[in-house]
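In: What follows is a predicted structure for the sequence shown.
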Amino acid sequence: MYKGKKVTVIITAAGKGSRMGTELPKQFLDLGGLAVLQRAVAPFDMLEETDEIFVVGQSPYLDLIRQLCSPFKKVSRIIKGGLQRQDSVSNALGHVDDGIVLIHDGARPYVTGEIITKVLEETWKSGAATAAMPVKDTVRQKDSHTGQSMTLDRKTLYNVQTPQGFNTEIIKKAFARAAEEGFVGTDDAVLAERAGYPVVLTEGSYANIKITTREDMPVENRVGTGFDVHCLTEGRKLILCGVDIPYGKGLSGHSDADVAIHALMDALLGAAALGDIGRHFPDTDPAYKGISSIKLLSQVCRMLREKGFGIGNIDVTIMAQKPKLMPYIQEMIKNVAEVTGLAQDTVSIKATTTEKLGFVGREEGIAAEAVCILTRC
């Protein structure tokens, strides 16, 4: 309740998000461990003044919405949406009692309790209010007939956000009139305004953006590390980063035992929380006996793409007392860059000795360490 009035929240989550270019609508995408929709609902659920929350969605995703909203105590209805946003809100309004209704975009995850409270307070005073912020850029208006344009006074222009708040009677009348006249507005405030109810602007936030395209999603960065060791033995080829290096010994292992690529694969898989190479390419599987590790790296890159990850950069250090690897480094970089799809200047491969210390120094084996950064929008 807010000053004696029941407060109902309508969260619109019925959009297809076609401009996002993702298989899953934008409101269900992961944003730092929570779905965009969950982040949009949470501030309303935590606010003491709100009484109930209705979430509107499309049929294929109603069960998913129920699952995502199950942690929220105030979500009392999951409502099937309509063809357009206005239809979806209208469906929800049919279940709203007298009082105040707040309408918020399910793809606007950065709303805060402070923004909500300002809208709620002004709605209680004036009957209709919306969060908004002054535009930052100069805006020009183009005449569709002449093609000429003119600069508008930036001081008078605002970007409208949500939530938008209304006395329930006002917004129901506004929607009824729009339905009678076949008018479709860009938001709910337009309908109230058109029905003769002034809408007061309250301070939103430049951070309170609506997720519309991939560029609106923050870039997620993940760091991965990998380490691997293989023994040197006679009768084996020495393969490092796909390069066959002339030497009297090679590395023992089920595959070609490319220790550098193994460390790199573990780094990539680890950054994506996909386990390690033993999980995906076990040394008990005859399918991987003698296989090129470069081919396995290609499969790892496919797994990353399926999870929406891109590789930012790679840094590999090979620890070998012998042979000298400097003459082969550039070919190694080329091989890794081709498989991962990276530019060569984002792939670093280095070689070092251990100053004759340890098993590497005694020429018993070769070790490799890898670090990578993965990015995901």
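Out: Done, it's in. Numbering: from 1, shown residues only.
In: and the nearest residue to residue 52 once chain neighbours are set aside, which of the three is it?
Out: Leaving aside its sequence neighbours, residue 52 sits nearest to residue 76 (CB to CB, 6 or more residues apart in numbering; 4.7 Å). (Each C-beta comes from the backbone N, C-alpha and C, glycine too.) At residue 76 the chain is in strand, as set by DSSP: H, G, I helix; E, B strand; the rest coil.
In: so residue 76 sits right up against residue 53, yeah?
Out: Yes: contact criterion CB atoms under 8 Å: residue 76 and residue 53 qualify, at 6.7 Å.
In: And those two? Which one has more around it.
Out: residue 53 (22 against 14; other CB atoms under 10 Å).
In: what's the next secondary structure element after the host helix or strand of that one?
Out: For residue 53, the enclosing helix or strand under DSSP states H and E is strand 52-57. Toward the C-terminus, strand 52-57 is succeeded by helix 62-69 as the next helix or strand (DSSP H and E).
In: mean confidence for that following helix?
Out: On average, the pLDDT along helix 62-69 is 97.
In: Can you show me the helices along the chain?
Out: 36-46, 62-69, 85-93, 113-126, 168-181, 188-194, 259-271, 277-280, 293-306, 329-340, 358-361 (DSSP state H).
In: Return the per-residue confidence for residue 306.
Out: pLDDT at residue 306 comes out at 86.
In: what about it, how many residues close to it?
Out: Residue 306 - counted by other CB under 10 Å - has 10 other residues nearby.
In: neighbouring contacts of the longest strand anywhere in the chain?
Out: When the chain is parsed with DSSP state E, its longest strand is strand 220-234. Applying CB atoms under 8 Å, 6 or more residues apart in numbering, the external contacts of strand 220-234 come out as 32, 238, 248-253, 257, 259-260, 262-272, 309, 312, 359, 363-377.
In: In it, which residues are buried?
Out: Applying a neighbour-count criterion of 16 or more other CB atoms under 10 Å, one finds 222, 224, 226, 228-232 buried in strand 220-234.
In: Stretch 238-250 now?
Out: 238-243, 245, 247, 249-250.
In: Looking at the residues you listed, which one is closest to residue 102?
Out: Nearest to residue 102 among those: residue 241, at 57.2 Å, using CB to CB.
In: so who does the closest residue to the closest one other than its chain neighbours touch?
Out: In this structure, residue 241 finds its nearest non-sequential neighbour in residue 332, 3.4 Å apart by CB to CB, 6+ apart. Going by CB under 8 Å, 6+ apart, residue 332 touches 240-243, 260, 349.
In: Pull the number of nearby residues for the closest residue to residue 106 other than its chain neighbours.
Out: Of all residues not flanking residue 106 in the chain, residue 13 sits nearest, at 3.3 Å (CB to CB, 6+ apart). Residues within reach of residue 13, counting by other CB under 10 Å, total 31.
In: Can you list the low-confidence ranges for the stretch 151-300 of the chain?
Out: The model of the stretch 151-300 of the chain has no residue with pLDDT under 70.
In: Taking the buried residues of stretch 238-250, tell me the two that lie furthest apart.
Out: 242 and 249 (18.3 Å).
In: So for stretch 126-137, mean pLDDT?
Out: Mean pLDDT, computed over stretch 126-137, is 97.
In: measure the residue nearest to residue 241 to residue 49 for me?
Out: 62 Å (CB to CB, to the nearest Å).
In: With residue 219 instead?
Out: Remark: distance between residue 219 and residue 49 (CB to CB) = 35 Å.
In: So between those two, which is more surrounded?
Out: The residue with more neighbours, out of residue 219 and residue 49, is residue 49; 18 against 11, by other CB under 10 Å.
In: Can you name the residues that contact the more buried one?
Out: 1-2, 7, 117, 120.
In: between those residues, which is closest to residue 23?
Out: Distances from residue 23 to the contacts of residue 49, taken as CB to CB, are shortest for residue 7 (35.2 Å).
In: May I have the beta-bridge partners of the closest one?
Out: residue 100 (DSSP bridges).
In: gap between residue 82 and residue 352?
Out: In terms of CB to CB, residue 82 sits 64 Å off from residue 352.
In: So for those two, which sits in the more crowded spot?
Out: Neighbour count, other CB under 10 Å: between residue 82 and residue 352, residue 82 has more, with 16 against 13.
In: How about the more buried one: what's its closest non-neighbour residue?
Out: In space, and not counting its chain neighbours, residue 82 is closest to residue 88: 5.0 Å by CB to CB, 6+ apart.
In: on that earlier part again, show me the contacts for the residue nearest to residue 52.
Out: The contact partners of residue 76, by CB under 8 Å, 6+ apart, come to 52-54.
In: of those residues, closest to residue 343?
Out: Closest approach to residue 343 among those (CB to CB): residue 53, at 47.3 Å.
In: now that closest one: how far from residue 356?
Out: For residue 53, the distance to residue 356 - CB to CB - is 68 Å.
In: these two touch, right, residue 326 and residue 351?
Out: Yes: between residue 326 and residue 351 there is a contact under CB under 8 Å: 6.5 Å.
In: Look at these two and report which has more neighbours.
Out: residue 351 (20 against 9).
In: Surely the more buried one and residue 325 touch.
Out: Yes: the pair residue 351 and residue 325 qualifies as a contact (CB under 8 Å) at a distance of 3.8 Å.
In: Residue 132 - how many residues pack around it?
Out: Counted with other CB under 10 Å, residue 132 comes out at 22.
In: Tell me the spacing between it and residue 153.
Out: Distance from residue 132 to residue 153, by CB to CB: 16 Å.
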